[in-house]
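Novice: curious how this folds, go ahead:
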Amino acid sequence: MTKVLIATEKPFAPAAVAQMSKICEDAGYQVQLLEKYTEKEALLEAVGDAHALIVRSDKVDQQVLDAGRELKIVVRAGAGYDNVDTAYAKEKGICVMNTPGQNSNAVAELAIGLAIFAIRNFFNGTSGGELRGRVLGLHGYGYVARNVHRIARGLGMTVKVYTRYSKAQATSEGLEVTNSLEELYAVSDVVSIHVPARGEHIKSVSMDVLKHLKKGAVLVNTARKEVVNEEELCQFMTERADIKYVSDIAPDCTDRFKQEFEGRYYFTPKKIGAQTAEANLNAGVAATEQIVGFLEKGDATFQVNS
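Specialist: Residues are numbered from 1 along each chain as shown. Predicted coordinates for the structure are as follows:
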C-alpha cells in the first residue's frame, strides 16, 4: 500500500490533517503522522518506507532523502522550498513540489500589518502616519506580492514594482514597473520584499539599493532573511536613523538591533507569515491533492526540480 508521511515539527491544524487524511484514504493510501518531533532520527526512521512525504519548514536534506528508500515525491506545503535539497532529490529521481499561492493571502496580510505597525510607530502612543496616499514598492511580483498589491490598492496606496520575470503580468494589472531595483527603493515610502532565497536574490537587499531609500521609509521583509545583506543593513541603519525595518524572521544580528536600533525595528517571535488557519488548511490540502495527482496521473505541474 502507498504510504504518505506527514512530517511536521510545527503540525498542521487538526482540521487540515483530517482533510488530508481523507484525501489519502479515498485514494487507498496509508497515512502516517510525525508531529512535534524533536530529533532528526525520528524523521529518518519514519521516512524509511514512505512513498510520499509532506513537510512544512522541516529540513529534507541528503540524509533524509537517502533514508527514504521508497520516496517518489516530496511536497513542501508552502511556497518557499529552500528547506529541501532539490538537486539531490533530482539525482535520486524524486519529484519535489511546492504549493504556490496557498499561503499568499496570509503572508500578504501580515506584510501590510507590519507596515501599518511600523508607520504608526509600533503603537507607542506617539503620532505616526497613514498608508493612504503613500507609495508601496514591491520587490518581486509573485503570488504574495500580487495579494499585497490588491490590499494596498484598497488602502489608497500607489503601488510600483520591480520584477525581472513578471513584467507583462504586472503591467497588465496596472502596475508601473521601475527600470531598476534602485529606482524602486528611491520612490517608495514602504518597500515590501517578495523574492525567494536563491540565486541572484541572495543578499540583493544591499547597501547599493538601500542607500536610495526615501527619508522615513519602512522596509518590510516577509520573504527570507537570506535575501538581506544583514551587515550592510545594520551599517545603513546606523547612518540613517529615519529608517525602520520589520520582518517575520529575526536576522542573525538581532542582538545588534536590540543594542543600536531601539524603536526602529520589529521581528515576530517566529516566522508566522503562513500561520493562519486558512493558509494551514489550503497548503496541506493542496500538498495532498498534488501527491495523489502525481502518483495516479503523473501530474507534475508544480514540480520545482524538473
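
Novice: the closest residue to Ala286 other than its chain neighbours: neighbour count?
Specialist: Counting by Cβ to Cβ, 6 or more residues apart in numbering, Thr99 is the residue found nearest to Ala286 once chain neighbours are left out, at 4.1 Å. Any C-beta I mention is one placed from the backbone N, CA and C, and that applies to glycine too. Using other Cβ atoms under 10 Å, Thr99 is surrounded by 24 other residues.

Novice: how close does the residue lying closest to Asp61 once chain neighbours are set aside sit to Lys215?
Specialist: In this structure, Asp61 finds its nearest non-sequential neighbour in Asp85, 5.2 Å apart by Cβ to Cβ, 6+ apart. Applying Cβ to Cβ, to the nearest Å, the value for Asp85 to Lys215 is 43 Å.

Novice: pull the distance from the lengthiest helix in the chain to the chain's centre.
Specialist: Among the segments of the chain that qualify as a helix by DSSP state H, the longest is helix 277-297. The chain centroid and the centroid of helix 277-297 are separated by 18 Å under Cα atoms, centre = their mean, to the nearest Å.

Novice: how does this protein divide into domains?
Specialist: Using the TED database, the domain parsing of the chain gives 3-102+276-297, 125-262.

Novice: now tabulate those domains in JSON lines and tack on distance to Lys270 and mean pLDDT.
Specialist: Putting those into JSON lines (distance: least, Cβ to Cβ, whole Å; pLDDT from 0 to 100) gives the following:
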{"stretch": "domain 3-102+276-297", "distance to Lys270": "9", "mean pLDDT": "97"}
{"stretch": "domain 125-262", "distance to Lys270": "8", "mean pLDDT": "97"}
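
Novice: out of these, which is closest to Asn305?
Specialist: Taking Cβ to Cβ, domain 3-102+276-297 is the member of these nearest to Asn305, at 3.9 Å.

Novice: show me the contacts for the residue most central in space within the chain.
Specialist: Nearest residue to the geometric centre of the chain (Cα atoms, centre = their mean): Ala223, 4.7 Å. Listed by Cβ atoms under 8 Å, 6 or more residues apart in numbering, the contact partners of Ala223 are Gly140, Ile193, His194, Val195, Pro196, Ala197.

Novice: who has more neighbours, Asp85 and Lys215?
Specialist: Higher neighbour count among Asp85 and Lys215: Asp85, with 22 against 8, using other Cβ under 10 Å.

Novice: how close does that one get to Val96?
Specialist: For Asp85, the distance to Val96 - Cβ to Cβ - is 9 Å.

Novice: how about the strands of this structure, start to end?
Specialist: Ranges of strands in the chain, per DSSP state E, are 3-8, 30-35, 52-55, 73-76, 95-98, 135-139, 158-162, 176-177, 190-193, 218-221, 244-247, 265-267.

Novice: what's the closest of the ones you listed to Val227?
Specialist: Closest among the strands of the chain, using Cβ to Cβ: strand 190-193, at 6.2 Å.

Novice: sheet partners, orientation included, of that closest one?
Specialist: strand 135-139 (parallel), strand 218-221 (parallel) (DSSP bridges).

Novice: how close does the nearest residue to Arg198 once chain neighbours are set aside sit to Val191?
Specialist: Take Arg198 and drop its neighbours on the chain: the residue closest to it by Cβ to Cβ, 6+ apart is Asp82, 6.4 Å away. Distance, Asp82 to Val191, using Cβ to Cβ: 22 Å.

Novice: how many other residues sit next to the nearest residue to Asp299 once chain neighbours are set aside?
Specialist: Counting by Cβ to Cβ, 6+ apart, the nearest residue to Asp299 once its immediate chain neighbours are dropped is Gly293, at 3.8 Å. Counted with other Cβ under 10 Å, residues neighbouring Gly293 total 16.
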